[in-house]
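>>> Turn this into a model:
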Amino acid sequence: MPLTRDEMRRIRQRRVRTKVRGSEGRPRLSVFRSSRHIYAQVVDDGSNRILAAASTLSKELKGTLKGTGNKPAAEAVGKLVAQKSLALGIKQVVFDRNGFLYHGRVKTLADAARGAGLEF
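Numbering: from 1, shown residues only. Below is the predicted model:
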């Protein structure tokens with residue numbers, strides 16, 4: 001029986017997570033996208049804490065976006081999570097695409113976060 005698209009993503013996600021770990025000095029920038037929204041959070045895996053988070057549902061972005069499942073929304077989320085991280089003194093992160101292909105909205109979010117000052 002062939003695997004579904006979601007099952008294949010979970011397999012990729014497990015494979016990537018064995019290699020990508022965030023630490024206190026260099027936390028993990030994790031990205032999740034659905035068909036309607038995109039979410040990003042900076043995670044310290046050592047203490048299992050979320051240090052900064054942003055999404056298209058964030059209060060700062062909620063009324064300003066024309067659509068929430070598109071590239072401009074992903075760019076806004078990338079900039080916002082970078083601003084929040086830099087405010088906490090986090091300059092370097094490890095990028096975790098969470099099993100999604102580095103293409104489209106995921107790539108746009110990463111490029112926007114890099115442009116706003118994060119290094120990965």
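>>> Could you tell me how many residues sit around the closest residue to R9 other than its chain neighbours?
Of all residues not flanking R9 in the chain, G99 sits nearest, at 4.5 Å (CB to CB, 6 or more residues apart in numbering). Where you see a C-beta, it was placed from the backbone N, CA and C, and this is true even at glycine. Counted by other CB atoms under 10 Å, the residues lying close to G99 total 18.
>>> Can you verify my assumption that G99 contacts T18?
No. With contact defined as CB atoms under 8 Å, G99 does not reach T18; the gap is 12.0 Å.
>>> What distance do you get for the most centrally placed residue in the chain to L101?
Computing the C-alpha centroid of the chain and ranking residues by CA atoms, centre = their mean puts V31 first, at 2.6 Å. Remark: distance between V31 and L101 (CB to CB, to the nearest Å) = 11 Å.
>>> where's stretch 61-73 relative to the chain centroid, distance-wise?
Relative to its parent chain, stretch 61-73 has a centroid offset of 15 Å by CA atoms, centre = their mean, to the nearest Å.
>>> Show residues contacting that stretch.
34-38, 54-57, 76-77, 80, 104-105, 108 (CB atoms under 8 Å, 6 or more residues apart in numbering).
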